[in-house]
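*Asks:* here's my sequence, what's the structure:
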Amino acid sequence: MIETVLSFVSCSRAAGLRISSAEVLDCVKQLEYLDLLDEPVFKDVLRANFAKSRREQAKFDHLYQLFFKELRSEASIPHTGSVAVWSDQLLDEIGESLEGDEALPAILDFLNGNPLRYLEQIRDLQTIDSGDLQGINSSFAPLVRRLEIMSQINAVGTAIERFLATNRSNISWENRKAIDINFRDRLNNARRLLREDPEDYTENFSQGTSYEQYMGQLGQKTFFSLTKREIEEMRDVIEQLVRKLKDTAQRRYAKQKRGVLDIKKTLRIASRYQGIPVELVFRNKPKRKGKIVTLCDVSGSVWSAAKFMLNMLYSLQDCFLQVRSFIFVSDLAEVTQTFEKYEINKAVDKALKEADINYDASTDYGRTLRQFKQKYLDILNKKTTFIIIGDGRTNYTNPEEEILGEIRDKCRRIIWLNPETHLFWYTGDSRMKTYEAYCNETRHCQNLNQLLDFIKTLVL
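*Replies:* The predicted model follows:
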């Protein structure tokens, strides 16, 4: 942790914060008495030591968000090793092929998670005068320099796209997507730092965001872009919503039990008890609880949505007769017993880490459906809702859509949740158009709000 704090201090100094060695020593000593996992307290200690005014507090918050969250966020995919190898190779090739000034290596360091040199470039923009750029008026010199750096950022972005296109056959689709998302987010952060200056702290001191507004914004974020802290906050929200859904479902059943009295059947049964209506019979019986079977693709960024979906379904087990879950990449594994044995959050993590699945394999929906047909087809009946969570990308293998048709004939309905943007459903190796013909419903489910809308229709 000391090395991390020192790296943050170096970046803060490069961005213009005045931090002395004594302040760093005081901060490190104070951190020894704190729980470093308590992120709000950790941030407050750093701010108290390193930011000496409200203006500096605004800059500190800006740098803290960049260093500890945006650049330190880990890709939520099971095969980060191969992604890291290709990422390093990509940066090496860009460094050798592109020509630029001192800003280019700073941009490549920024993409690699080290913002120090890039922040120095941003800081130097404030000290440029007319002598730095011959023939340019001093008021335009910083703007010209910003445009030069922006052009190098755009050149790096183009080089990344070219690298991914050239190595399309060597890098799996999941890895290409993870690399593209990671570097695109960091390039956007680099552009934002170059384009915007942090707002003055006093301007926003009284303009806070309410908890409801914050959670509404959080619900719109895609699952794969959530930070660890946001995931924890989302789990708390899910627990509250689960309680509300359970209460609503129980009230629905109770209300239907108090429906219209069936007098004929009540009197017929009362004859067993000498005419006393001991048992009441209602015309509107409560709906019978259904069975849920989920089939979750856990390859690439898809597994983030699958993780939240499994969390929600198992939190709502009381609303269903039975819930059985399977995860797959190219092979299928049942994780139902793991959920019955462990607490929900631990069970989700344990199932995804310990299942007998090769996460580096290419996604194969056809193979998965064949395995499900051979081993588990008999668990389906007309009370079963079969839910598939995945992007439908088969890596050009046989989709085996006829098996999905057999599954539909045996169960009540098939619902497909696709976390990928609808615009890409019918591109490349996606077979969503083929699978849609066998599904009763297909939904785009990429964030918490969309997931909650689906769960409400499923439960209520």
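
*Asks:* need the pLDDT of the residue of the chain most remote from its centre.
*Replies:* Here the chain reaches farthest from its C-alpha mean at Q274, the gap being 63.4 Å by Cα atoms, centre = their mean. On pLDDT, Q274 comes in at 83.

*Asks:* and the one 10 residues further on, by the same measure?
*Replies:* Note for N284: predicted pLDDT of 64.

*Asks:* low-confidence ranges in the stretch 1-150 of the chain?
*Replies:* Applying pLDDT under 70 to the stretch 1-150 of the chain picks out residues 69-81, 126-140.

*Asks:* tell me where it has helices.
*Replies:* 2-14, 21-31, 39-50, 54-65, 80-97, 103-111, 116-124, 141-166 (DSSP state H, counting those that start in this stretch).

*Asks:* so which of those helices gets nearest I292?
*Replies:* helix 80-97 (30.9 Å; Cβ to Cβ). C-beta: built from backbone N, CA, C; applies to glycine.

*Asks:* nearest to L267, of the helices of the stretch 1-150 of the chain?
*Replies:* helix 39-50 (65.3 Å).

*Asks:* and that closest one, C-alpha only, in CSV?
*Replies:* Provided in CSV are the C-alpha atoms of helix 39-50 (Å, rounded to 0.1, in the frame of the first residue of the first chain):
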residue,chain,number,x,y,z
GLU,A,39,-12.4,3.2,1.2
PRO,A,40,-14.2,6.4,2.3
VAL,A,41,-12.0,6.7,5.4
PHE,A,42,-8.9,6.0,3.3
LYS,A,43,-9.9,8.8,0.8
ASP,A,44,-10.6,11.3,3.6
VAL,A,45,-7.1,10.7,5.2
LEU,A,46,-5.4,11.3,1.9
ARG,A,47,-7.4,14.4,1.2
ALA,A,48,-6.8,15.8,4.7
ASN,A,49,-3.0,15.5,4.2
PHE,A,50,-2.6,16.4,0.5
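
*Asks:* can you offset everything so residue one is 800?
*Replies:* With the count now opening at 800, the last piece we talked about shows up as helix 838-849.

*Asks:* hang on, the earlier thing: pop out the phi and psi values for the residue farthest from the centre of the chain.
*Replies:* Recorded main-chain torsions at Q1073 are phi 60, psi 40, according to degrees, to the nearest 10.

*Asks:* how about the helices in the stretch 1050-1199 of the chain?
*Replies:* Using DSSP H, counting those that start in this stretch, helices in the stretch 1050-1199 of the chain cover 1062-1069, 1101-1114, 1135-1140, 1143-1153, 1164-1175.

*Asks:* deepest of the ones you listed, which one?
*Replies:* Each of the helices of the stretch 1050-1199 of the chain was scored by mean neighbour count; the highest is helix 1101-1114, a mean of 23, by mean count of other Cβ atoms under 10 Å.

*Asks:* hmm, who's touching stretch 824-832?
*Replies:* 800-801, 804, 841, 844-845, 848-849 (Cβ atoms under 8 Å, 6 or more residues apart in numbering).

*Asks:* domain map for this structure?
*Replies:* 800-872, 886-1007, 1029-1038+1088-1258 (automatic domain parsing).

*Asks:* and the nearest residue to F909 once chain neighbours are set aside, how many neighbours?
*Replies:* Nearest non-adjacent residue to F909, counting by Cβ to Cβ, 6 or more residues apart in numbering: Y917, 4.1 Å away. Using other Cβ atoms under 10 Å, Y917 has 26 neighbouring residues.

*Asks:* just to revisit the earlier point, quick one: closest of the helices of the stretch 800-949 of the chain to D1228.
*Replies:* helix 940-965 (15.2 Å).

*Asks:* what is that closest one packed up against?
*Replies:* Applying 3 or more Cβ pairs under 8 Å, 6 or more residues apart in numbering; DSSP states H and E, one finds that helix 940-965 contacts helix 879-896, helix 902-910, helix 972-994.

*Asks:* buried ones in the first one?
*Replies:* Taking 16 or more other Cβ atoms under 10 Å as the basis for neighbour counts, the residues of helix 879-896 that come out buried are 881-882, 885-886, 889-890, 892-893.

*Asks:* could the helices of the stretch 1050-1199 of the chain be laid out in CSV, adding distance to Y1225 and mean pLDDT?
*Replies:* What follows is the helices of the stretch 1050-1199 of the chain, written out as CSV (distance: least, Cβ to Cβ, whole Å; pLDDT from 0 to 100):
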stretch, distance to Y1225, mean pLDDT
helix 1062-1069, 53, 86
helix 1101-1114, 17, 70
helix 1135-1140, 33, 77
helix 1143-1153, 29, 72
helix 1164-1175, 15, 93
